[in-house]
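[1] Generate a structure from the sequence data that follows.
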Amino acid sequence: MKNLRVTFPTLQAIETDISDTSKAYQVPGYKGRIGFITSMSDHFCGTCNRLRITADGNLKVCLFGNSEVSLRDLVRSGVNDEKVKTVIQAAGKMMNFHSLLLLPLFIIIMIPMYHM
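    Numbering: from 1, shown residues only. Next up is the predicted model:
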């Protein structure tokens, strides 16, 4: 941030929602904005409400967890949309439970999504 503020001294934080996983900033007079996902320095597990789909079709409920469900394989198997919806809803219900399990170990484990 120090380097950005040298180049863009008017850089301003944009108000974000409690469930946002990134911190957004903008420079007045410029189009667009930039954002930082501060999962290492400012943990947001307790307020995260995101499900993520990886490039290979796996559904993840946590950036730092190893658990994944292959939506690609599920869809390719020919199941109906209702079954896919049920699987996604079940994963969503596991989010808060998953966060509670990981939070005490968060600083020790730190398994980023890109590490997989």
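[2] domain parsing for this structure?
    With domains defined by automatic domain parsing, the chain comprises 2-36, 49-115.
[3] which one of the ones you listed is the most hemmed in?
    Among these, domain 49-115 has the highest mean neighbour count (mean count of other C-beta atoms under 10 Å), at a mean of 13. Any C-beta I mention is one placed from the backbone N, CA and C, and that applies to glycine too.
[4] And it, how far out from the chain middle?
    How far domain 49-115 lies from its chain's middle: 10 Å, per C-alpha atoms, centre = their mean, to the nearest Å.
[5] ok so, going back, rebuild the domains of the chain as JSON lines, extending it with mean pLDDT.
    Supplementary listing: the domains of the chain in JSON lines, determined by pLDDT from 0 to 100:
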{"stretch": "domain 2-36", "mean pLDDT": "86"}
{"stretch": "domain 49-115", "mean pLDDT": "73"}
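[6] Name the residues that touch the helix or strand harbouring residue 25?
    According to DSSP states H and E, residue 25 maps onto strand 23-26. Strand 23-26 is contacted by residues 4, 11-14, 16, 32-36, 38, 42 when judged by C-beta atoms under 8 Å, 6 or more residues apart in numbering.
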